[in-house]
Structure formats: C-alpha cells, structure tokens
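Undergrad: My questions are about this predicted structure, shown below with the sequence.
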There are 2 protein chains.
Amino acid sequence: MTKKKGLVIVNTGNGKGKTTAALGLLFRAWGRGMNVCMLQFIKNENAKYGEIKAAHKLGIEITPTGDGFTWLSKDMDKTTARARHGWALAQEKIASGEYDVIVLDEFTYPLHFDWLDTEEVIAWLKEHKPPMLHLVITGRNAPEKLIEFADLVTEMQEIKHPYQEGIQGQPGVEF
Amino acid sequence: MTKKKGLVIVNTGNGKGKTTAALGLLFRAWGRGMNVCMLQFIKNENAKYGEIKAAHKLGIEITPTGDGFTWLSKDMDKTTARARHGWALAQEKIASGEYDVIVLDEFTYPLHFDWLDTEEVIAWLKEHKPPMLHLVITGRNAPEKLIEFADLVTEMQEIKHPYQEGIQGQPGVEF
C-alpha cells in the first residue's frame, strides 16, 4: 500500500542545480495552485537575483535572510544571529500550516558551520512540521543527521564546469 | 580574461532534479526578461503536469512532443518518428535566434536509444546554435559524446528515495 505525506527533500553536493531544482519545484507546485515560499539563508537581502525578480512577478514569496557567505562577513556573531533570525522566520512559516511547500535555500550552511544545532532543528521539525508540508533544504555539506532525517536526498555532482575554461557566471542562468 | 558565451548544459544521472533544475533555470531567466522555451521529448502531449500549468500561467512556451516512455509505446516506428519530429521543432527554435534559453527536456533518451544520431545532432548544433543561446539538455544516460560537447555537466545522484518506503509520487512536487 502506498501513502502520501509531506516530504523532507534535500538537494546537496558540489554541483550546480541544488537551488535551481528547488526553484523548479516551487514553480511546478505554484502551477498546481499550491501555497509556496522560499527562505534564503545565505543570499544578501539587497541582491537582485533572477529568481527573486521572477518570484516577484508571480507573487511567490522569496525572503533573503543572509548576509552573503561567511567568508565575506566581518562579524561572525552577526552572521550567527542572522542565521538564528532566519530559522525563527522559517519556524513561523512552517508551523503556520499555511504552506504546501517551503524551501529553505542554503540552509545546510548554518547547520554545517554550527550557527544552528542540527539535532535541535530536526527535533523541532519532528514536532512542528505539518504532516502534508513538503520541506526542501538545499546546500553543500548536508549534515549526516539531516540526510538520515530526510525522505528524498539527491546529490548534485559537478562533472564538468565552464569556469575551468575561463567562462564567467551568466546572469539568468546561474544566478 | 573571462568571456561570455551561451552554455550547453547537461543535467543527467539517476536522481531527481534534472528537469526540475531546468525548470528553475527557465524561471530564473524568465525573471530577467529573457526569452525562454522548453521542448519535452518524452512527456505526452495530453499530460497535465504542474510545470505545464505554471508555464501557461506565465506565458512560457512548453511543448510536449513525446508519446510517453518507449516501454509504454506499442509502435517503435512511431516513437522514432516522434523523436525526429521533436528534433525538427527544436532545430527550428534553436536556429531562429529568438531565444536566450532553450531546454530540451529528456532529450538524452532519443540519443541513448538511437532514435536520433548523437554525432549528427552535435554537428548540427556546432553549425547552427547561436553563440549566445543557452541550451539545456536533461535526462538519464547522456551519451559520452554529448558530455564532451557540453560546457556544464551535472550528475544528479539518488542518495535516498521515499519510494523505498512505500510513499507514492506527489503532484506538484515530482510532476
């Protein structure tokens, strides 16, 4: 017998397509009239990414909460505080029961760098995630405990990358 | 020195997210006002997928050209003819110069099953693909020659899948 449930999906690995696949999933679910949103844990609030522009056009909620990657940050306490703030926002949205799909984009980083405690996050999700909510988490270095907790885990592996040949990142395609 | 060019991008592997990442890329490029389209080589013209519904809402062109997977097809000649027809449509759109991003979804299958000749396809692309066009090809079993030709190749690897636990595919999330 098969059953339905809201999946915990993790897109990890060093290749492209982790966030992009999450966006595609949002887009597809939005096409079915589902209630969707994305919280971005690393991207800067002032950034003008293609996906944010597209989401605005559609009325899909995408909320950047980060301050860029940690190696760009001068103040680790501030970075940690931001991650906690982002997670508090995520908890609010998850617990609200108003969404069918929520993406926590690049949420593996606050876990990997111990800005947030992975076991606490999982314990909270076990208690508060609505059973039918699909939760998508993206980013490199997904902690082993998160992989154990997830239902669907995909590793995006880089086989070939044009940066190797001196071609730069392309707006609309890579960001 | 870095340079810009239209990339040939391949999403392959046995994991989830190949088509989904291509959709995310379309969505992101659409957000930047780029001209985008997707041709689907396997999906049935009558199918009601979430991405087709979403694309219709946005005015993004998604054209199914397939008749479902070959093991569902009773007539291999018809399957081959459909693949050729799909490729002819793709050639028209590629050569038109009207697009910034074109996705050939599940295009690896007609190549893998030799419904189309991989070398001929690559030779044609070398001659006719506009230099700034980004071309995205998805599907399992990408032929080695296609991988050599591509600029950016990602392999999506399945680490964990809920079907193993008897959970069924979910509308809006997986299709």
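TA: Perfect, I can see it now. As the structure is a prediction and not an experimental result, all values here were calculated from the model. Residues are numbered from 1 along each chain as shown, chains lettered A, B, ... in the order given.
Undergrad: only C-alpha atoms for contact and neighbour calcs from this point on.
TA: Fine.
Undergrad: A:I159 touches B:M156, doesn't it?
TA: No - A:I159 lies out of contact with B:M156 (Cα atoms under 8 Å); the separation is 10.1 Å.
Undergrad: And the two? Which one has more around it.
TA: The neighbour comparison of A:I159 against B:M156 (other Cα atoms under 10 Å in any protein chain shown) goes to B:M156, with 29 against 17.
Undergrad: Kindly confirm my reading that the more buried one is in a helix.
TA: No - according to DSSP: H, G, I helix; E, B strand; the rest coil, B:M156 belongs to no helix; its state is strand.
Undergrad: Which pLDDT does the model give it?
TA: The model reports B:M156 with a pLDDT of 93.
Undergrad: pretty sure it is touching B:V10, no?
TA: No - counting by Cα under 8 Å, B:M156 stays clear of B:V10, with 10.5 Å between them.
Undergrad: so how many other residues sit close to A:E120?
TA: With other Cα under 10 Å as criterion, A:E120 counts 10.
Undergrad: What helix or strand is it located in?
TA: Assigned by DSSP states H and E, A:E120 falls within helix A:118-128.
Undergrad: hmm, who's touching that helix?
TA: Helix A:118-128 has contacts (Cα atoms under 8 Å, 6 or more residues apart in numbering or on different chains) with A:94-95, A:111, A:143, A:145-146, A:149.
Undergrad: Just the buried ones from these?
TA: A:94, A:111, A:146, A:149 (16 or more other Cα atoms under 10 Å in any protein chain shown).
Undergrad: From these, list the ones also adjacent to chain B.
TA: Near chain B, taking Cα under 8 Å from any Cα of the partner chain as the test, no member of the buried ones among the contacts of helix A:118-128 is found.
Undergrad: residue closest to the middle of chain A?
TA: Centroid-nearest residue in chain A: A:D105, 1.6 Å away (criterion: Cα atoms, centre = their mean).
Undergrad: quick one: that residue from B:R28, how far?
TA: 15 Å (Cα to Cα, to the nearest Å).
Undergrad: for A:R82, same thing?
TA: Counting by Cα to Cα, the gap from A:R82 to B:R28 is 26 Å.
Undergrad: Can you tell me which of the buried ones among the contacts of helix A:118-128 lies closest to B:K4?
TA: Comparing the buried ones among the contacts of helix A:118-128 against B:K4 with Cα to Cα places A:L111 closest, at 34.9 Å.
Undergrad: any idea which element the closest one lies in?
TA: helix A:108-112.
Undergrad: Only the buried residues of that helix, if you could.
TA: In helix A:108-112, counting by 16+ other Cα under 10 Å, buried: A:108-112.
Undergrad: Point out the other elements, helices or strands, that that helix touches.
TA: Contact here means 3 or more Cα pairs under 8 Å, 6 or more residues apart in numbering or on different chains; DSSP states H and E; on that basis helix A:108-112 packs against no helix or strand.
Undergrad: How far off centre is that helix?
TA: 11 Å (Cα atoms, centre = their mean, to the nearest Å).
Undergrad: how many other residues sit next to A:D75?
TA: 10.
Undergrad: Could you check the angle the longest helix seen in chain A makes with helix A:118-128?
TA: Longest helix in chain A by number of residues (criterion: DSSP state H): helix A:76-96. Angle of helix A:76-96 versus helix A:118-128, following axes from the mean of the first three to the mean of the last three Cα atoms, to 10 degrees, is 20 degrees.
Undergrad: Return the set of buried residues in helix A:76-96.
TA: A:79-80, A:82-84, A:86-87, A:90-91, A:93-94.
Undergrad: what would those look like in CSV with pLDDT and distance to A:P130?
TA: Rendered in CSV, the data for the buried residues of helix A:76-96 read as follows (pLDDT from 0 to 100; distance: Cα to Cα, whole Å):
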residue, pLDDT, distance to A:P130
A:T79, 79, 29
A:T80, 84, 27
A:R82, 86, 25
A:A83, 89, 22
A:R84, 91, 21
A:G86, 93, 19
A:W87, 96, 17
A:A90, 97, 13
A:Q91, 97, 11
A:K93, 97, 11
A:I94, 98, 7
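Undergrad: coming back round to it: would you mark the buried spots in the helix holding A:E120?
TA: Buried, per 16+ other Cα under 10 Å, within helix A:118-128: A:118, A:122, A:125.
Undergrad: For stretch A:110-130, measure first residue to last.
TA: Chord length of stretch A:110-130, first to last residue, is 23 Å (Cα to Cα).
Undergrad: Relative to the whole chain's centre, how far out is it?
TA: 13 Å.
Undergrad: same deal with stretch A:130-142?
TA: With Cα atoms, centre = their mean, you get 7 Å for stretch A:130-142.
Undergrad: which residues sit against it?
TA: A:4-14, A:18-19, A:22, A:94-95, A:97, A:99-109, A:111-112.
Undergrad: Many thanks, we can stop here.
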